[in-house]
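Undergrad: Quick check, what structure comes out for this input:
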Amino acid sequence: MNKQNITLSLPKPLLKKAKVFAAKAEKSINELVKESLEEKISKGTGYERSKKRQLRLLKTGFNLGTKGKIIISREELHARS
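TA: Numbers count the residues shown, from 1 in each chain. This is a model prediction of the structure:
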């Protein structure tokens, strides 16, 4: 995998907390940033994939066993006893 260096500008208090967090997790800040980005990106693509699947289901509809025919009238459906 090709890698490219980048420069980040972070507030000092955040950087200090990140260093402590990374040390406790026995990781580098680079690893933390990489994991965080991968998580954010995978969540975003997962959402899009789910959205497309659900829209496809809405277009095709569901088999309710009626073969597209309404077997009861509106009046019968809403009749009160």
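Undergrad: longest helix in this structure, by residue count?
TA: Taking residue count as the measure and DSSP state H as the definition, the longest helix of the chain comes out as helix 29-60.
Undergrad: Which elements pack onto it?
TA: On a contact count with 3 or more CB pairs under 8 Å, 6 or more residues apart in numbering; DSSP states H and E, helix 29-60 meets helix 12-24. Bear in mind the C-beta positions are built from the backbone N, C-alpha and C, glycine included.
Undergrad: what comes up buried for the helix it packs on?
TA: Within helix 12-24, the residues that qualify as buried are residue 22, counting by 16 or more other CB atoms under 10 Å.
Undergrad: Between helix 12-24 and the longest helix of the chain, find me the angle.
TA: Put simply, helix 29-60 runs at 90 degrees to helix 12-24, going by axes from the mean of the first three to the mean of the last three CA atoms, to 10 degrees.
Undergrad: After helix 29-60, heading C-terminal, what element do we hit next?
TA: Using DSSP states H and E, the next helix or strand after helix 29-60 towards the C-terminus is helix 74-77.
Undergrad: Convert that following helix to CSV, retaining C-alpha atoms only.
TA: Backbone C-alpha positions of helix 74-77 (Å, rounded to 0.1, in the frame of the first residue of the first chain) are rendered in CSV as follows:
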residue,chain,number,x,y,z
ARG,A,74,-62.8,-0.6,1.7
GLU,A,75,-66.2,-0.7,3.3
GLU,A,76,-65.7,-4.3,4.5
LEU,A,77,-62.2,-3.4,5.8
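Undergrad: Determine how far it lies from the middle of the whole chain.
TA: 41 Å (CA atoms, centre = their mean, to the nearest Å).
Undergrad: Same question for stretch 20-29.
TA: The gap between where stretch 20-29 is centred and where its chain is centred comes out at 26 Å by CA atoms, centre = their mean.
Undergrad: what's the span of it from first residue to last?
TA: Between the start and the finish of stretch 20-29 there is a gap of 10 Å, counting by CA to CA, to the nearest Å.
Undergrad: Lovely, talk soon.
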